[in-house]
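Participant: The amino acid sequence is not available; the structure is as follows:
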């Protein structure tokens, strides 16, 4: 089964996980994670970006892509850290990705940005 996600591509996920991610985190697992993360983002932001994705402006799509790919990459890294040079390396990567997620969610949740987001 090929990867199926709306907000980000499989290549964007792979870029965030790095070369040492476990190959056992398959496209099927990435798809399941993507569907869960996209739903989580929609609920957290109180806006259904999935249903309205085609009408969103490019800036919002890039933010969603960064958030979703980072969340999925966190799951992939945490799934099996054995390929990384150390657990610390894997945890540092997770921390950096988490910071990107929090920044993106903060932007999307900011009520002052709603007109911008909705004016696609």
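Facilitator: It's in. Here the structure is a predicted model, which is why all the values come from computation and not from measurement.
Participant: Can you find the helix or strand in this protein with the smallest mean pLDDT?
Facilitator: Within the chain, no helix or strand scores below helix 114-118, which has a mean of 68 by mean pLDDT, DSSP states H and E.
Participant: quick check: mean pLDDT across stretch 40-59?
Facilitator: Rounded to a whole number, the mean pLDDT of stretch 40-59 is 92.
Participant: Now it: buried residues?
Facilitator: Neighbour counts over stretch 40-59 (16 or more other Cβ atoms under 10 Å) mark 41-42, 45, 47, 49, 56 as buried. Where C-beta positions appear, they are placed from N, C-alpha and C, glycine not excepted.
Participant: In helices, which of those fall?
Facilitator: Secondary structure assignment by DSSP state H places 41-42, 45 of those in helices.
Participant: Just the closest of the residues you listed to residue 100, please.
Facilitator: Set against residue 100, the nearest of those by Cβ to Cβ is residue 41 (13.0 Å).
Participant: Check whether residue 42 really touches residue 50, as I assumed.
Facilitator: Yes: with contact defined as Cβ atoms under 8 Å, residue 42 reaches residue 50; the gap is 5.8 Å.
Participant: Could you list the low-confidence segments of the chain?
Facilitator: Low-confidence segments of the chain (pLDDT under 70): 1, 114, 116-120.
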